[in-house]
Each structure stands twice: as C-alpha cells, then as structure tokens.
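> can you look at this prediction? I've put the sequence above it.
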Amino acid sequence: MAPVPGLLGLMPGTLLLAELQLTLGLRSHSYLTKAPASGTRLAWPKHSRGLADYQPNLLSGDKLKKLALFLAFLLLLFVGVSIATNPHVPRGPVIVSDLSFTAQTSGFGPATVFTPTDSGLYRVVIYGESSDQLGTFSVTMTWTDDFGANFKILSNEGFPGQGSRIVFATAGNPITITTSPSLSTGATYNTFVIVEQL
C-alpha cells in the first residue's frame, strides 16, 4: 500500500493555492488535477474569466461614498474661489462699521465712525432716538474726497430721526459725525451709525 502524503507533500500545491485565494480574493474551486504528490500541477477551471475579474472591489460601500463627498467638496471649493476672485461678479454692500452711542445727554463729536483703507464709495446711515419726543436730532458728517474735506447735514429733524448719504472717501481720511441735539432737561438719546462699502 502506498504511503499517505503528509503535510510536506501538500505544501507545494495546496499552500500555494491558499496564498493565491487570500491575496486575490478568488472563489473556492478545486484546482488540483490529481492527488497531491510530486509533480502536482495547478489548472484553472474552464469557466474561469481570468485574474482581473477576481480583483477585490476597493471602492465599494463607505469608501465610494467618502470619495464622492471628497470630490464634491473639492468642486465646491474650486467654484467658491473662482467666484471670490472674479472682479466681474456683482457684490452687495459690505458693512464696515456698526457703532452705537447710547445714553447721551448732550452733543458729541466729531467722532470717527470709519477710516477707509481703500478709496471708494461709502454709504453712511444714521438713526437717533430719545426719551424727549419733542427734541431735535441734528447731525453733521465730514469726509475727504479727491478734492479735499467736505461736510453735510445728515439729519435735522425731531426724534426719532434718521439720515443717509453716499460719499466718495479717500483712504486714510476719517469719516466723522457731530451731533447737536435739542433736549429737555434730564432727557437722553441714542445714536446708531452704520457705514457700508459699496
């Protein structure tokens, strides 16, 4: 009776097959054409489609979703940067200063509400409120354009009062306001100012 092959007799064929299956994720098939012995040969089944068809899917499930989200983020980032750096894309006004002068009992100023770092068009909006509804809210503003210093009355009406003006202001020169209210004894008032860059 012929001896039964031991572990060493199985190693040349069986262990090589196991390594291929673990590495490539191949389906389980019988690839031995005869009992393990000297000269054992490996043979692919006739219906095999080749090694390429058995490669594991590295982009399945969560990995594919994460890749899609990452690519979408890159696309949005590219579009956002393109819009932000395009000088031809219209942009709305930007608030560059937002100030409040509260609990005032008399006039103040000139108070700097904004100093431009870039020459250009700016809009100054002001609102005044008071405990004295019969009082008068009077405000003047100053700024500097290409031809020098300017001043205008921004508001001169009863409380609550408001006013706005668009000016061309040069860089480095402050925009200021001065208030001159008419109030009854003990009355207070608040002044709110917003400056927008157009």
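That came in fine, so what should we check first?
> and the strands in this protein?
Applying DSSP state E to the chain gives strands spanning 94-104, 111-114, 120-130, 136-145, 148-158, 161-169, 175-179, 189-197.
> just checking: what are the partner strands of the second one?
With DSSP bridges as the criterion, the sheet partners recorded for strand 111-114 are strand 175-179 (antiparallel).
> domain ranges for this structure, per the record?
Domains of the chain are assigned by automatic domain parsing as 1-55, 96-197.
> pick out the shakiest of those domains, pLDDT-wise.
If these are sorted by mean pLDDT, domain 1-55 sits at the bottom with a mean of 49.
> just the CA coordinates for the helix of greatest length in the chain, please, in PDB.
Counting by DSSP state H, the longest helix found in the chain is helix 62-84. Provided in PDB are the C-alpha atoms of helix 62-84 (Å, rounded to 0.1, in the frame of the first residue of the first chain):
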ATOM      1  CA  ASP A  62     -18.400  53.500   2.600                       C
ATOM      2  CA  LYS A  63     -15.200  54.100   0.600                       C
ATOM      3  CA  LEU A  64     -17.100  55.000  -2.500                       C
ATOM      4  CA  LYS A  65     -19.400  57.400  -0.600                       C
ATOM      5  CA  LYS A  66     -16.400  59.100   1.100                       C
ATOM      6  CA  LEU A  67     -14.600  59.500  -2.200                       C
ATOM      7  CA  ALA A  68     -17.800  61.100  -3.800                       C
ATOM      8  CA  LEU A  69     -18.100  63.500  -0.900                       C
ATOM      9  CA  PHE A  70     -14.500  64.500  -1.100                       C
ATOM     10  CA  LEU A  71     -14.700  65.200  -4.800                       C
ATOM     11  CA  ALA A  72     -17.900  67.200  -4.300                       C
ATOM     12  CA  PHE A  73     -16.100  69.300  -1.600                       C
ATOM     13  CA  LEU A  74     -13.200  70.000  -4.000                       C
ATOM     14  CA  LEU A  75     -15.600  71.100  -6.700                       C
ATOM     15  CA  LEU A  76     -17.500  73.500  -4.400                       C
ATOM     16  CA  LEU A  77     -14.200  74.800  -3.100                       C
ATOM     17  CA  PHE A  78     -13.000  75.500  -6.700                       C
ATOM     18  CA  VAL A  79     -16.300  77.200  -7.600                       C
ATOM     19  CA  GLY A  80     -16.200  79.400  -4.400                       C
ATOM     20  CA  VAL A  81     -12.600  80.500  -5.000                       C
ATOM     21  CA  SER A  82     -13.400  81.300  -8.700                       C
ATOM     22  CA  ILE A  83     -16.300  83.500  -7.700                       C
ATOM     23  CA  ALA A  84     -14.500  85.200  -4.900                       C
END
